[in-house]
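Engineer: A predicted structure for the sequence below; I have some questions about it.
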Amino acid sequence: MSRFHKIAVGDAELIALQDSWTGRRPGGFFVGVETDAWRPYREWLDDEGLLTHNFGCFLIRSEGQHLLVDTGLGQWPNPLDLQQPPSLLEAMQGAGVSPDDIDLVLFTHLHWDHTGWNTRGEENAPELTFPNARYVVQQKEYDFWTGPGDKPSNGPAFERVLAPIVAADRLELVSGEYTATTEVVAVPTPGHTPGHVSFAVVSAGRSAYILGDAANKPVQLTEPDWYPSFDMDPIESTKSRHMIFDRADQENALLAGGHFAFPSMGYPDHVDGRRSFRYVT
Ligand SMILES: [Zn+2]
């Protein structure tokens, strides 16, 4: 099934694309936050009391260009108990976009579940999934995962998803507030990983933020100090989360989170004097 959802942001368009999803027990998902702490937040759990963990990417149409933010799990073997095989390309097709149309692939960070569809094909001869694109990565993020020393196990499989891009001379390393088009700019939100960025889409008086993993679940709008164990520097990630939520709230901006349950997009809201989140319909 194709899973995509389109929404206008001024003159630009943002399209949520679902690669796959799975359910997770809420207790312990955020460090020190056990099942009881979820009692006020039943609305964010499914009928079985599970937290939906979506794997999603976002396509931006801006100034005649197609920008893809993150590339999901990909076709490669993975240890997850998924509800459907990763199907980003089918979701794109449903939205009327072919892999050849992608001009830029932008990365929030390089975890394996955000870089999987960089390539596809045979394990020993992977090909670029988006053959006409430049793949844009923050220098700090690239240096961290490719530099010396032990790395967490959730990094990119270099030979499979990065080496072919380097070999094809399609990798572009950038720093900080990189401008992709006049409507799309990177916003540094470090903490989840060292070089993590979100992306702002600003057009004709409207704005949207593609969060990446600066926030993992909508409940964090109400509980911004909750952080998952895979935030490498939780003090930094919490600071980044407060910053981007405050900004979005002031601007009544659309928020897009790849791990938020599909359609993965909505607006900051206020319920009983606390910040919350309202999905687009
Ligand atoms: Zn992630």
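Structural biologist: It's in.

Engineer: could you give the number of residues near residue 22?
Structural biologist: 15 (other CB atoms under 10 Å). (Glycine included, C-beta is placed from N, CA and C.)

Engineer: hmm, it is touching residue 81, no?
Structural biologist: Yes. Counting by CB atoms under 8 Å, residue 22 touches residue 81, with 5.8 Å between them.

Engineer: tell me the residues of the stretch 101-250 of the chain that contact the ion?
Structural biologist: 113, 213 (CB under 5 Å from the ion).

Engineer: would you map the helices across the stretch 101-250 of the chain?
Structural biologist: 139-146, 163-167, 234-251 (DSSP state H, counting those that start in this stretch).

Engineer: could I get the ones you listed as CSV with mean neighbour count and mean pLDDT?
Structural biologist: Formatted as CSV, these follow (neighbours: other CB atoms under 10 Å; pLDDT from 0 to 100):
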stretch, mean neighbour count, mean pLDDT
helix 139-146, 17, 98
helix 163-167, 16, 97
helix 234-251, 18, 98
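
Engineer: what stretches of the stretch 51-200 of the chain score poorly on pLDDT?
Structural biologist: For the stretch 51-200 of the chain, no stretch is flagged by pLDDT under 70.

Engineer: quick one: the strands in it, in order.
Structural biologist: 51-62, 65-69, 104-106, 119-122, 125-128, 134-138, 171-174, 179-181, 184-188, 197-203 (DSSP state E, counting those that start in this stretch).

Engineer: could you dump these to CSV with mean neighbour count?
Structural biologist: Shown next, in CSV, are the strands of the stretch 51-200 of the chain (neighbours: other CB atoms under 10 Å):
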stretch, mean neighbour count
strand 51-62, 23
strand 65-69, 24
strand 104-106, 25
strand 119-122, 15
strand 125-128, 15
strand 134-138, 22
strand 171-174, 16
strand 179-181, 17
strand 184-188, 21
strand 197-203, 24
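
Engineer: can you list the ones you listed in a markdown table and add distance to residue 256?
Structural biologist: Supplementary listing: those in a markdown table, determined by distance: least, CB to CB, whole Å:
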| stretch | distance to residue 256 |
| --- | --- |
| strand 51-62 | 5 |
| strand 65-69 | 8 |
| strand 104-106 | 13 |
| strand 119-122 | 24 |
| strand 125-128 | 25 |
| strand 134-138 | 18 |
| strand 171-174 | 21 |
| strand 179-181 | 15 |
| strand 184-188 | 12 |
| strand 197-203 | 9 |
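
Engineer: looking at these, which is nearest to residue 266?
Structural biologist: strand 51-62 (12.9 Å; CB to CB).

Engineer: and the one residue in the stretch 151-281 of the chain that gets nearest to the ion, how many neighbours?
Structural biologist: Residue of the stretch 151-281 of the chain nearest the ion, by CB to the ion: residue 213 (4.5 Å). Residue 213 is flanked by 26 other residues according to other CB under 10 Å.

Engineer: check contacts around it.
Structural biologist: Counting by CB atoms under 8 Å, 6 or more residues apart in numbering, residue 213 makes contact with 108, 109, 111, 114, 192, 193, 196, 230, 231, 258, 259.

Engineer: alright, that wraps it up for me.
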